[in-house]
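1. Here is my input, please return the structure:
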Amino acid sequence: MALLMVILGLFALVLCICTAFLRGNEMRYRKKGLPPGTMGWPVFGETTEFLKQGPNFMKNQRARYGSFFKSHILGCPTVVSMDPELNRYILMNEAIGLVPGYPQSMQDILGKCNIAAVHGSTHKQMRGALLALVSPTMIREQLLPKIDEFMRTFLSNWDNKVINIQEKTKEMAFLSSLKQIASAESSSVAQEFMPEFFKLVLGTLSLLIDLPGTNYRRGFQARKNILRILGQLIEERRDSEESHTDMLGYLMRKDDSNRYKLSDDEIIDQIITILYSGYETVSTTSMMAVKYLHDHPRVLEELRKEHIAIRERKRPEDPILWNDLKSMRFTRAVIFETSRLATIVNGVLRKTTQEMELNGFVIPKGWRIYVYTREINYDPFLYPDPLAFNPWRWMDKSLESQSYFLIFGGGTRQCLGKELGIAEISTFLHYFVTRYRWEEVGGEKLMKFPRVEAPNGLHIRVSSY
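-> Numbers count the residues shown, from 1 in each chain. Below you'll find the predicted structure:
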């Protein structure tokens, strides 16, 4: 009996301490003028609930506090905006006191010169350098031939095999980008580079715990190894004095053809940015397109018809050309619908550089603003029957130009590689659907938050078409 009383007493004491911590943390952030909301535990905030419940956490908070509320997630006091018009205003007005607000782990691992971490004149310089690499002219004349050559080889010999399409699309996205960056050396450095890159990706969205075995430590060490690999590659190219027509070759030029002359450190961070920014969107969109096409035979039939028509105009060895890419209207629609329905990107983060007012509330300096765009993708007023996979809705080109179209970001931070990513996915789908048919095996579970992934892989049995 005495033991039971002690246990009950300890339980009551722990409960009182927890309540005091929660109440104390709420009082700390009860400044006049702040948006409504809850802040959770000291230090950890509501990160656990956010990561576990994902979209449901956001819906519950919106039901209680409206579409503009405060929380404490990912290690920082944060205001969440779920209002489409306000989101667009935030994305279009970086100069009003907002800068990129990505987690410290991402900034540490991607580097201080990556385009997501800089702002002002530095951002303008980095953006200009990257835009030159992914311009329509560059895609048409330099990148598309490399993408076609890579996809044609990568998608050979899949007949009569069971493959993990999640792993294959990850490899595809990384290796395709690496070929565009360093064509001549891509094969020789890929084996060492790829595992380090995958560790880097995991580290960018990890808790900031610098201890052995943590994703952050692994990711930061992977960055060091990648710096060594790329630094050595730059030195070898400089010593050889050969001319290269790839992204690295362009970035290293010192003549007038390159308006944006960068240091070696800046070049390396831009290469990491190019690899990182395209990797997850291209790989995940490709995987989910394969999944949705399998589940919707009518869409697959329409897509295959478009690509077979292109192949019938060509000899077997002829590559995909710029005009072919521009004619893939339904393919583009499939890519947009896949991105919308799967919600590959849930939102973007901004950080206040000064105390400011938004939506009638005061946002303190140093707080993050999470522009949460996920719910826009399922708004029935914007997308009728929003849970249906219906690429035909995108055949109306005006949908792509609407102000609420934020699948690829918005404002000055809109995804620079949007058209390059579409070219890669379109070419992948071209060779996949014209060469193969497939069926799922295993029925693996898909997770859609915080990343879209199949924890146990997504396996398909492939046969020739």
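
2. Can you name the residues bridging to Val441?
-> Beta bridges link Val441 to His459 when assigned by DSSP bridges.

3. check contacts around Asp148.
-> Residues in contact with Asp148, defined by CB atoms under 8 Å, 6 or more residues apart in numbering, are Pro319, Ile320, Thr427. (Glycine included, C-beta is placed from N, CA and C.)

4. Buried subset of the residues you listed as a PyMOL selection?
-> Applying 16 or more other CB atoms under 10 Å to the contacts of Asp148 leaves a buried subset, and the PyMOL line that selects it is:
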select buried, resi 320+427
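
5. from the contacts of Asp148, which single one is nearest Leu300?
-> Minimum distance to Leu300 across the contacts of Asp148 is 17.3 Å, recorded for Thr427 (CB to CB).

6. could you list every residue that touches the closest one?
-> Residues near Thr427 by CB under 8 Å, 6+ apart: Leu144, Ile147, Asp148, Met151, Ile320, Leu325.

7. Skipping its backbone neighbours, what lies nearest it in space?
-> Once flanking residues are discounted, Thr427 sits nearest to Met151: 4.7 Å by CB to CB, 6 or more residues apart in numbering.

8. quick one: low-confidence parts of the stretch 351-465 of the chain?
-> Low-confidence segments of the stretch 351-465 of the chain, defined by pLDDT under 70, are located at 403-404, 410-413.

9. At which residues are the helices of it located?
-> In the stretch 351-465 of the chain, the helices defined using DSSP state H, counting those that start in this stretch lie at 418-435.

10. picking that back up, of the contacts of Asp148, closest to Gln270?
-> Of all these, Gln270 sits closest to Thr427, with 23.4 Å by CB to CB.

11. From what I see, Gly75 and Phe50 are in contact.
-> No: with contact defined as CB atoms under 8 Å, Gly75 does not reach Phe50; the gap is 11.2 Å.

12. neighbour count winner among those two?
-> Set side by side, Gly75 and Phe50 show unequal neighbour counts under other CB atoms under 10 Å, the larger going to Phe50 at 22 against 16.

13. mind listing what's buried in stretch 66-85?
-> 67-84.

14. same question, stretch 181-197
-> For stretch 181-197, the buried set under the neighbour-count rule, 16+ other CB under 10 Å, comprises Ile181, Ala182, Ser183, Ala184, Glu185, Ser186, Ala190, Phe193, Glu196, Phe197.

15. follow-up on the earlier one: and the contacts of Asp148, which is closest to Cys113?
-> Using CB to CB, the shortest approach to Cys113 within the contacts of Asp148 belongs to Thr427, at 30.0 Å.

16. how near is that closest one to Lys314?
-> Look at Thr427 and Lys314: by CB to CB, to the nearest Å, they are 14 Å apart.

17. just so I have it, where are all the strands in the stretch 51-200 of the chain?
-> Along the stretch 51-200 of the chain, the segments classed as strands by DSSP state E, counting those that start in this stretch run 68-73, 76-81, 98-100, 161-164.

18. Parallel or antiparallel, which strands does the second one pair with?
-> Read that as strand 76-81. Sheet pairing of strand 76-81 (DSSP bridges) gives strand 68-73 (antiparallel), strand 368-372 (parallel).

19. May I have the last one exported as PDB, CA atoms only?
-> Listed next in PDB are the C-alpha coordinates belonging to strand 368-372 (Å, rounded to 0.1, in the frame of the first residue of the first chain):
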ATOM      1  CA  ARG A 368      10.200  31.500 -38.900                       C
ATOM      2  CA  ILE A 369       7.100  31.700 -41.100                       C
ATOM      3  CA  TYR A 370       6.000  28.400 -42.600                       C
ATOM      4  CA  VAL A 371       4.200  29.000 -45.900                       C
ATOM      5  CA  TYR A 372       2.200  25.800 -45.800                       C
END
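
20. What lies in contact with it?
-> By CB under 8 Å, 6+ apart, the list of residues contacting strand 368-372 reads 58, 73-74, 76-82, 87, 90-91, 98, 101, 346-352, 358, 363.

21. which two in the contacts of Thr427 are spaced the farthest apart?
-> When CB to CB is used, the two most widely separated members of those are Met151 and Leu325, lying 12.3 Å apart.

22. now the contacts of Asp148 in TSV, with distance to Met288?
-> Listed next are the contacts of Asp148 as TSV, based on distance: CB to CB, whole Å:
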residue	distance to Met288
Pro319	26
Ile320	22
Thr427	17
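
23. want to try CSV for the contacts of Thr427, with distance to Lys32 and pLDDT as columns?
-> As requested, those are arranged in CSV below (distance: CB to CB, whole Å; pLDDT from 0 to 100):
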residue, distance to Lys32, pLDDT
Leu144, 56, 97
Ile147, 55, 97
Asp148, 60, 97
Met151, 58, 97
Ile320, 60, 96
Leu325, 55, 97
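
24. among those, which are in helices?
-> Assigned to helices by DSSP state H, the following of these qualify: Leu144, Ile147, Asp148, Met151, Leu325.
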